[in-house]
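Novice: What follows is a predicted protein model with its sequence.
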Amino acid sequence: MTSKPFAPEPSDVYCVPLLVAAAIQDLEGHRPDLGTLARALDVRVRQDSQDPWGLKRADSRHPPGVTMSALQKLLPAWLAGGGAEEITYSYRPIDTSRWEDPELVYRDLVHDDTHRTFVGAALDWSVLSEAPKGSLHVVEVLSYRGSVASIRDHSFSRTDVYTLPINTFEAAMYEAQGGLLVFRKANQ
């Protein structure tokens, strides 16, 4: 049996607001209030979870965390409405018909002289850990070249950098029907 590089956690439903807050911190130099951000993104907590921010509970129609479709609708509105007006957000789903080489897509995103860029990835955590299949999660992508990808998971209390084989990283994105979460700020 092949060992997986991570423990089954994070079971944390706050990975999206933590990633968004890290992007804003990196691009604008301030960190938004996490509770306000999580409520704006309609993050749902499990019925048995601690809830420090007064979020809605997950139910049969609303899974724990936040769905990518909700994120696509709510995050741009929150950013433009005062959350971080100078930051733009886009989502690049990994799709074999459009991505001949995901590494080149990433390189083109981060090597843009007109913008500073922060890139995250939506993936299935079960590909990287013993978590149940379908454990959707987001991480920051620090580098993506050659045979490895380097990621940082902002939902862990320590934000160590982890290096993964490219094929494992891409398999985790494909399994989730995920992709890249792209935050940009125009250079001054």
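Specialist: Thanks, I have it. The shown structure was predicted, so the numbers you read here are calculated from the model rather than taken from an experiment.

Novice: Surely residue 74 and residue 38 touch.
Specialist: No. At 10.9 Å, residue 74 does not count as touching residue 38 under the criterion of C-beta atoms under 8 Å. Just so you know, the C-beta spots here come from the backbone N, C-alpha and C atoms, and that holds for glycine as well.

Novice: quick one: the helices in this structure?
Specialist: Using DSSP state H, the helices found in the chain span residues 15-28, 34-40, 68-78, 102-110, 166-176.

Novice: For residue 52, see how far away the residue minimising distance to the centre of the chain is.
Specialist: Central residue of the chain (C-alpha atoms, centre = their mean): residue 138, 2.9 Å from the mean position. Distance, residue 138 to residue 52, using C-beta to C-beta, to the nearest Å: 20 Å.

Novice: wait, which of the helices of the chain is closest to residue 117?
Specialist: Nearest to residue 117, of all the helices of the chain, is helix 102-110, at 5.0 Å by C-beta to C-beta.

Novice: Dig out what the residue nearest to residue 139 when sequence neighbours are not counted forms beta bridges with.
Specialist: Spatial nearest neighbour of residue 139, excluding adjacent residues (C-beta to C-beta, 6 or more residues apart in numbering): residue 151 at 4.4 Å. For residue 151, the beta-bridge partners under DSSP bridges are residue 141, residue 162.

Novice: got a list of contacts for stretch 161-179?
Specialist: 5-6, 68, 91-96, 102-103, 121-128, 134, 136, 142, 144, 146-153 (C-beta atoms under 8 Å, 6 or more residues apart in numbering).

Novice: just stretch 14-28 next, same as before
Specialist: By C-beta under 8 Å, 6+ apart, stretch 14-28 touches 12, 30-32, 34, 37-38, 41, 43, 65-66, 71, 75, 83-84, 86-87, 116, 118, 120, 137-140, 152-155, 181, 183-185.

Novice: CA atoms of it as CSV?
Specialist: Output in CSV follows, covering the C-alpha atoms of stretch 14-28 (Å, rounded to 0.1, in the frame of the first residue of the first chain):
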residue,chain,number,x,y,z
TYR,A,14,-12.6,27.1,7.3
CYS,A,15,-10.0,26.4,4.6
VAL,A,16,-11.6,28.8,2.0
PRO,A,17,-11.8,31.8,4.3
LEU,A,18,-8.3,31.1,5.6
LEU,A,19,-6.9,30.9,2.0
VAL,A,20,-8.8,34.1,0.9
ALA,A,21,-7.4,35.9,4.0
ALA,A,22,-3.9,34.7,3.2
ALA,A,23,-4.3,36.1,-0.3
ILE,A,24,-5.5,39.5,0.9
GLN,A,25,-2.6,39.5,3.5
ASP,A,26,-0.1,38.8,0.8
LEU,A,27,-1.5,41.2,-1.8
GLU,A,28,-2.7,44.1,0.4
